[in-house]
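Colleague: please find the sequence and the predicted model below.
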Amino acid sequence: MCGIVGVVSNANVNEKLFNGLSNLEYRGYDSVGMCFVKNSKFTIKKGVGKLEEVHKRVDFLKLNGNIGIGHCRWSTHGGVTEKNAHPHVDCKNKISVVHNGIIENYSELKEELIRKGHKFYSQTDTEVIAHLIEENIMGSNIEEATRAALNKIEGSYALGILYADEPSKLVAARNESPLIVGIGKNENFIASDVPSILSYTNKVIYLDDKEIAVLTKNKLKIFGLDGNEKKKKIHTISWNAEAAKKSGYKHFMLKEIFEQPHAIADTLNERIANNHIVFEKEFSLKEDYLKKIDRIVIVACGTSWHAALVGEFMLEELAKIPTEVEYASEFRYRHPLLDKNTLVIAISQSGETADTIAALKEAKKYGVKTLSICNVMGSSITRISDGVIYTRAGPEIGVASTKAFTTQLAVLYLLTILLSKIRKTLNEKQIKDMIEGIRKIPLQLQSVLDEYDEILKCAELYHHKLNSIYLGRGVNFPIALEGALKLKEVSYIHAEGYPAAEMKHGPIALIDKNMPVVFIAPHDIYTYKKVLGNIEEVKARGGIIIVITTEGDKEITKKAKHIIFIPKTLYTLSSILAVVPLQLLAYHIADKLGHNPDLPKNLAKSVTVE
Ligand code: AGP
C-alpha cells in the first residue's frame with residue numbers, strides 16, 4: 001500500500017525523508033516521489049520504480065529544504081506512470097499533496113473542478129485534493145482550506161500537505177488510512193507507520209479518523225473536521241530502531257523467521273503465573289462476561305485468517321465454545337447473526353487492514369463485545385475493539401508474515417487456556433500440561449531452526465517445480481494453507497493447501513512425478529494413521545513426498561522422500577512448530593529463484609484499501 005512520510009525541522013530534512021521512505025518500502029509500491037519547500041518554492045522529484053532506482057535517476061539527496069513530504073505509491077487510480085506518482089500539485093504549483101487511500105467521489109469532484117477551470121495533470125484521485133484545497137485557500141490558511149476541502153471528500157485518506165506560501169507548516173489528515181505524528185526535538189514528523197521514523201523518535205500520536213494535524217518544527221496542533229482543537233495522548237513506543245533493521249540477515253523474512261523463539265518467549269512473558277493466564281489491563285473483558293459467551297466469531301484476512309482457523313480448533317476442542325472463522329472481507333457484506341453472548345475477535349498483525357477494520361465496525365453495530373489480537377500498539381483495530389491482546393513479535397517488515405503468525409497462535413493458545421479454566425472445561429492437571437507445553441515452545445522452535453539441512457535440500461531440488469500441494473489435517477490443515485500461501489507469496493509458484501483426506505475428492509488428479517506434496521503429519525491420536533494412507537495414495541501416483549512429522553517417527557520415514565522432524569509437543573501446539581520449516585522452504589525457494597522475498601510483486605504489507 002502507499003506509504004507517507006513528512007518532516008518539518010530546523011535542518012535539512014532530505015536524509016530523514018529518504019530514510020523514512022526507505023523504511024516504508026516493505027509496504028509494497030511501484031513509484032516514489034518527494035517534495036521540498038525552499039524560499040516558498042517547491043522542488044518535486046518523482047518516478048516509477050523502487051526508491052534506489054529512482055534515486056539513481058533524480059538524486060533525492062541533492063534536494064534540500066527544512067520541510068518536505070515523501071510518498072511511495074501502490075497504484076489504485078491511474079496506471080503506473082511518472083505523472084501519476086505523488087506528490088500532486090494544484091494549478092498554481094502552491095499546494096502539494098501525498099495520499100494513501102481512495103477518494104470515492106473523486107470523479108464528481110473532478111468534473112466540478114474542471115468546470116471551474118482547474119487543469120488536471122494525472123489520472124489519480126489524489127490530484128482532486130490539491131485542486132479542492134486550492135479552491136478554498138483564498139483568504140484562509142492551509143489548515144482551514146484543507147478542512148473545507150476534506151468536508152467535501154468521501155473515502156479514505158492519510159494525507160501529507162505542503163503550502164508554498166506557508167513554508168513552515170506541514171499539514172496531515174486521516175480518515176480510515178493509518179497515519180501517525182512523531183514528536184522530535186526541534187522537528188516533527190508524519191508517517192504511515194512507526195518503523196519509518198523510529199530512528200528519529202519513539203514519541204507518537206495516533207491520529208483518529210477525521211482529524212487534521214498542523215505541525216511546525218516546534219509546535220503541533222490537532223483539530224477535528226469541525227475545527228475544534230483536540231487533546232491527544234502521546235505514546236512512547238517500546239520497539240527500538242535496531243529491531244526494524246536486517247541485523248546481518250540477507251532479508252527481513254529470514255531474520256523474522258529466526259526471531260520466532262524470542263518473539264514467542266516475549267509473547268508469553270509475564271502472562272503465565274502459576275497455573276493462571278494473566279493478560280494486561282487492555283484485555284478488559286471480565287470473567288463474568290467470559291463465562292456467559294456462547295459463541296465466538298473470528299474475523300481476519302490472509303495469514304491472520306489461517307491463525308484464526310487454528311484458534312477455532314483450540315477453542316472448540318478445549319474451551320468447548322462454538323467458534324466460526326470468517327474472512328473479514330466477506331463478513332462485512334453479509335448480515336451476520338450476532339447476539340450479546342457472541343464475542344467477535346479480530347486478528348491482525350498490522351491492525352490496519354481495511355477489511356478487518358470494516359468487519360469489526362460491522363460487528364460493533366450489533367452491540368457485541370469485540371477483542372483484537374494485534375501486533376501494532378495503538379493501531380486502528382486496537383482502538384476500536386473493546387479489549388486487546390498484543391502479540392509481541394516486534395516490527396514485522398517482511399511482507400510475508402512469519403513471526404506475527406506464530407505469536408498469534410501463542411496468544412490464541414493462552415486465550416484458550418484462560419477460557420477453559422474460567423469455564424471449567426479442563427481440569428487443573430490438563431491446564432498444567434498445556435502451560436508446560438507452551439513454555440517449552442521457544443526452545444523447541446530454536447531446535448527446528450538449528451537443523452534445517454533437509455529444507456535446503458528440498459529448496460535446491462524443487463525450486464524449478466511449477467506447482468505443489470500442501471496437506472494437513474485437524475489443527476494442521478490451516479498450516480497446510482499457510483505453507484502454500486507462503487510459497488505463492490514469495491516464490492510465485494502455484495501451491496494449494498488442502499485437508500489431507502480431501503485430496504482424493506479432486507486434487508489427486510494433479511499428482512504425478514513432477515508434483516511435490518508436503519504433508520504436515522505430526523503424531524497425534526486422531527489422524528496420524530489416516531495421513532499414512534494419504535501418503536500411500538500420493539506415492540502410488542509418483543508424487544514427491546516431503547513430510548513434517550514428530551521426532552522419532554518410524555513409519556512415515558519409510559514412505560517419504562524427505563523427512564523434516566519437529567520436537568514432540570501437544571497436538572494443539574504442533575502447528576506452531578510445523579509452520580517454521582514451511583516458512584524456511586518458501587524463503588529458500590524464493591531466494592534460489594532470485595526473488596526478493598521481502599518485496600513480493602503486487603503485494604502490500606498491510607492492505608489499507610478495500
Ligand atoms: C501474509 O503473509 C500476508 N502478506 C497477508 O495475507 C496478511 O496476513 C493479510 O493481509 C492480513 O494482514 P494483517 O494481519 O496485518 O491484518
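Modeller: Arrived safely.
Colleague: how far out from the middle of the chain is stretch 412-427?
Modeller: From the chain centre to the centre of stretch 412-427 is a distance of 28 Å (C-alpha atoms, centre = their mean, to the nearest Å).
Colleague: next: stretch 133-147.
Modeller: Centroid separation for stretch 133-147 versus its chain: 35 Å, with C-alpha atoms, centre = their mean.
Colleague: over to stretch 294-304?
Modeller: With C-alpha atoms, centre = their mean as the basis, stretch 294-304 stands 15 Å off its chain's centre.
Colleague: also stretch 70-77?
Modeller: In this view, stretch 70-77 has its centroid 18 Å away from the chain centroid, taken as C-alpha atoms, centre = their mean.
Colleague: contact partners of it?
Modeller: Outside stretch 70-77, the residues within contact range by C-beta atoms under 8 Å, 6 or more residues apart in numbering are 1-6, 17-18, 20-21, 24-25, 27-35, 51, 80, 84-87, 98-100, 102, 106, 123-126, 160, 604, 609. In this view, the C-beta of every residue, glycine as well, is placed from N, C-alpha and C.
Colleague: one more: stretch 524-542?
Modeller: Contact with stretch 524-542 is made by 471, 473-474, 500-501, 503-504, 508, 511-513, 517, 519, 521-522, 545, 547, 555-556, 559-560, 571, 574, as judged by C-beta under 8 Å, 6+ apart.
Colleague: buried sites along that stretch?
Modeller: Asp524, Thr527, Tyr528, Val531, Leu532, Asn534, Ile535, Glu537, Val538, Lys539 (16 or more other C-beta atoms under 10 Å).
Colleague: ok, Ala130 to Gly117 distance?
Modeller: To Gly117, Ala130 is 15 Å away according to C-beta to C-beta, to the nearest Å.
Colleague: the helix or strand of the chain with the lowest mean pLDDT packs against which elements?
Modeller: Scoring the helices and strands of the chain by mean pLDDT, DSSP states H and E places helix 555-559 at the bottom, with a mean of 87. Here helix 555-559 touches helix 528-540, strand 544-550, going by 3 or more C-beta pairs under 8 Å, 6 or more residues apart in numbering; DSSP states H and E.
Colleague: still on that earlier bit, restricted to strands, list the contacts of stretch 524-542.
Modeller: Mapping the contacts of stretch 524-542 onto strands (DSSP state E) picks out Leu471, Val517, Phe519, Ile545, Val547.
Colleague: nearest to the ligand, of those?
Modeller: Using C-beta to the nearest ligand atom, Leu471 is the member of the ones in strands among the contacts of stretch 524-542 that lies nearest the ligand, at 20.0 Å.
Colleague: contacts only, for the closest residue to the closest one other than its chain neighbours.
Modeller: Excluding the flanking residues, the one nearest Leu471 by C-beta to C-beta, 6 or more residues apart in numbering is Ala500, at 4.0 Å. Contacts here follow C-beta under 8 Å, 6+ apart; on that basis Ala500 touches Leu471, Gly472, Arg473, Phe477, Ala480, Phe519, Ala521, Thr527, Lys530, Val531, Asn534.
Colleague: so which of those reach the ligand?
Modeller: Within the set of the contacts of Ala500, contact with the ligand (C-beta under 6 Å from any ligand atom) is found for no member.
Colleague: export these to JSON lines and tack on distance to Val214 and pLDDT?
Modeller: Shown next, in JSON lines, are the contacts of Ala500 (distance: C-beta to C-beta, whole Å; pLDDT from 0 to 100):
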{"residue": "Leu471", "distance to Val214": "56", "pLDDT": "97"}
{"residue": "Gly472", "distance to Val214": "53", "pLDDT": "96"}
{"residue": "Arg473", "distance to Val214": "57", "pLDDT": "94"}
{"residue": "Phe477", "distance to Val214": "51", "pLDDT": "97"}
{"residue": "Ala480", "distance to Val214": "51", "pLDDT": "98"}
{"residue": "Phe519", "distance to Val214": "58", "pLDDT": "96"}
{"residue": "Ala521", "distance to Val214": "59", "pLDDT": "95"}
{"residue": "Thr527", "distance to Val214": "60", "pLDDT": "84"}
{"residue": "Lys530", "distance to Val214": "64", "pLDDT": "87"}
{"residue": "Val531", "distance to Val214": "61", "pLDDT": "89"}
{"residue": "Asn534", "distance to Val214": "62", "pLDDT": "92"}
